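S.K.: Any chance you can model this:
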Amino acid sequence: MMTNYDVAIIGGGPVGMFAASFSALHGAKPILLESLSEIGGQPKMIYPEKDITDIAGFSRISGEKITRQLIEQVQSYDIAIQTNFKVSTIERADSYILKSEQGESVKAKSIIIATGNGSFNPKKLPIKIKDTTIEDKIHYTVSEIETFTDKTIAVFGGGDSAIDWANMISEVAKKVYVVHRRDSFRAMAYNVDQLKAKENVEFVTPFLPKDVELTSTSQLDFTLKQLKPQTDPYHLICDNAIVSYGFNTTNQLLSAIDVDTERGFICVDETMQTNLPRVFAIGDSITRSGHLPLITLGFGEAQVAVTTLMKDLFTDNNMAVHSTSLNKPQ
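M.R.: Modelled structure (predicted):
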């Protein structure tokens, strides 16, 4: 007989993991569904060494460390975890039946969608890469900062991720070039100013990559075109390049469930509930007044969603919700 879980959380990133832990803390029986082979989400898969500096209580914490702590928190409860579960259809009866592309089924009384922006693929350099040797020297994620020790590195991009990577890599690299198509940056001003103060960092703006070749010493030779004013091409020689142009995302789950959406994001009310009964959405997958795509805000949204659904699932449980009143079930 199929287990009827109290809540199925779709998405095993930071917000989804915390939603699973918080529901278990409330005494619910959750199952955490992740489409990839392991839970952790973007901080683990893409930003393991990047410092996160906007989480209360931490001046800075790496993506790998916060992911590890969230996983440990999940593992401290009796939470079912099913990886490689890509939801293809969701049927509604007395409970919800979630079916995967592989034909597996999960039954749950309620659903919390925590898929973020869905699957993600990095936006590539808009130039033709001529051989695999060059490809191997161009990175779209960074797993080990020490890889760039005493090297000359080019960072392409002007957002928070590009500036954060440049700041971190400048601590070990010999030289860091920051190449951006504008003179201004979309990153936090404090981090940009911190980067500008470093002697081994040079800003190359406003330029875009036009071509790349391999030198006789196996370095990358980028040909850059200046956007304004028009000048002769600029050549930049480096050992490795890091591209931080963002990600192309797709959220296939939206075709599996009939929730209201706006510009590809799920519409929710102040309790994180969608237009469907006992179906909630949290984190980067949603749109609502005042929402920001921040991990800590997603944690709060998880607490609101879980508290609301628990009152619906267990109407006799009228316990007041305060951090000091919640104790882990024995």
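S.K.: Confidence-wise, which helix or strand of this protein is lowest on average?
M.R.: Ranked by mean pLDDT, DSSP states H and E, the weakest helix or strand in the chain is strand 247-250, scoring a mean of 71.
S.K.: The following helix or strand past that strand pairs with which strands?
M.R.: Counting by DSSP states H and E, the next helix or strand C-terminal to strand 247-250 is strand 261-262. Strand 261-262 sits in its sheet next to strand 265-267 (antiparallel), going by DSSP bridges.
S.K.: where along the stretch 101-250 of the chain do the strands fall?
M.R.: Secondary structure of the stretch 101-250 of the chain by DSSP state E, counting those that start in this stretch: the strands cover 105-108, 111-113, 119-122, 138-139, 152-156, 175-179, 201-204, 207-214, 220-226, 234-238, 240-243, 247-250.
S.K.: Which of the ones you listed sits closest to residue 271?
M.R.: Nearest of those to residue 271, taken as CB to CB: strand 111-113 at 11.7 Å. Heads up, the C-betas are built off the backbone N, CA and C, glycines and all.
S.K.: Mind giving me the packing neighbours of that closest one?
M.R.: strand 7-10, helix 14-25, strand 279-281, helix 295-313 (3 or more CB pairs under 8 Å, 6 or more residues apart in numbering; DSSP states H and E).
S.K.: if you compare these, which one is most tucked away?
M.R.: Most buried of those by mean neighbour count (mean count of other CB atoms under 10 Å) is strand 7-10; its value is a mean of 29.
S.K.: Low-confidence stretches in the chain?
M.R.: For the chain, residues meeting the criterion pLDDT under 70 lie at 118-120, 230, 249-251, 317-322, 324-330.
S.K.: Domain parsing of it, as residue ranges.
M.R.: 4-120+247-325, 124-243 (automatic domain parsing).
S.K.: Ranking these by mean neighbour count, which comes first?
M.R.: Greatest average neighbour count among those goes to domain 4-120+247-325 (a mean of 18), per mean count of other CB under 10 Å.
S.K.: Can you convert the helices and strands packed on strand 111-113 into TSV and add a column each for distance to residue 81?
M.R.: Formatted as TSV, the helices and strands packed on strand 111-113 follow (distance: least, CB to CB, whole Å):
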stretch	distance to residue 81
strand 7-10	10
helix 14-25	8
strand 279-281	19
helix 295-313	16
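S.K.: Point to the residue nearest the middle of this structure.
M.R.: For the chain, residue 42 is the residue whose C-alpha lies nearest the centre (CA atoms, centre = their mean; 3.5 Å).
S.K.: So it: helix, strand or coil?
M.R.: Classification of residue 42 using DSSP: H, G, I helix; E, B strand; the rest coil returns helix.
S.K.: can you tell me how far it sits from residue 36?
M.R.: Here the criterion is CB to CB, to the nearest Å. By it, residue 42 lies 11 Å from residue 36.
S.K.: go on, residue 83?
M.R.: Taking CB to CB, one finds residue 83 at 7 Å from residue 36.
S.K.: Between these two, which contacts overlap?
M.R.: Listed as contacting both residue 83 and residue 36 by CB atoms under 8 Å, 6 or more residues apart in numbering are residue 12.
S.K.: that older thread, out of the helices and strands packed on strand 111-113, nearest to residue 98?
M.R.: Nearest of these to residue 98, taken as CB to CB: strand 7-10 at 5.8 Å.
S.K.: what about that closest one, distance to the chain center?
M.R.: Distance, stretch centre to chain centre, for strand 7-10: 18 Å (CA atoms, centre = their mean, to the nearest Å).
S.K.: what's the answer for stretch 269-280, then?
M.R.: Stretch 269-280 has its C-alpha centroid displaced from the chain centroid by 22 Å (CA atoms, centre = their mean).
S.K.: contact partners of that stretch?
M.R.: For stretch 269-280, contacts defined as CB under 8 Å, 6+ apart pick out 92, 96, 109-113, 257-260, 266-268, 281-282, 286, 288, 301, 304-305, 308-309, 312-313.
S.K.: ok so, going back, I'd like the strands of the stretch 101-250 of the chain as JSON lines, with distance to residue 295 appended.
M.R.: Shown next, in JSON lines, are the strands of the stretch 101-250 of the chain (distance: least, CB to CB, whole Å):
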{"stretch": "strand 105-108", "distance to residue 295": "25"}
{"stretch": "strand 111-113", "distance to residue 295": "16"}
{"stretch": "strand 119-122", "distance to residue 295": "15"}
{"stretch": "strand 138-139", "distance to residue 295": "23"}
{"stretch": "strand 152-156", "distance to residue 295": "23"}
{"stretch": "strand 175-179", "distance to residue 295": "25"}
{"stretch": "strand 201-204", "distance to residue 295": "27"}
{"stretch": "strand 207-214", "distance to residue 295": "31"}
{"stretch": "strand 220-226", "distance to residue 295": "33"}
{"stretch": "strand 234-238", "distance to residue 295": "32"}
{"stretch": "strand 240-243", "distance to residue 295": "22"}
{"stretch": "strand 247-250", "distance to residue 295": "16"}
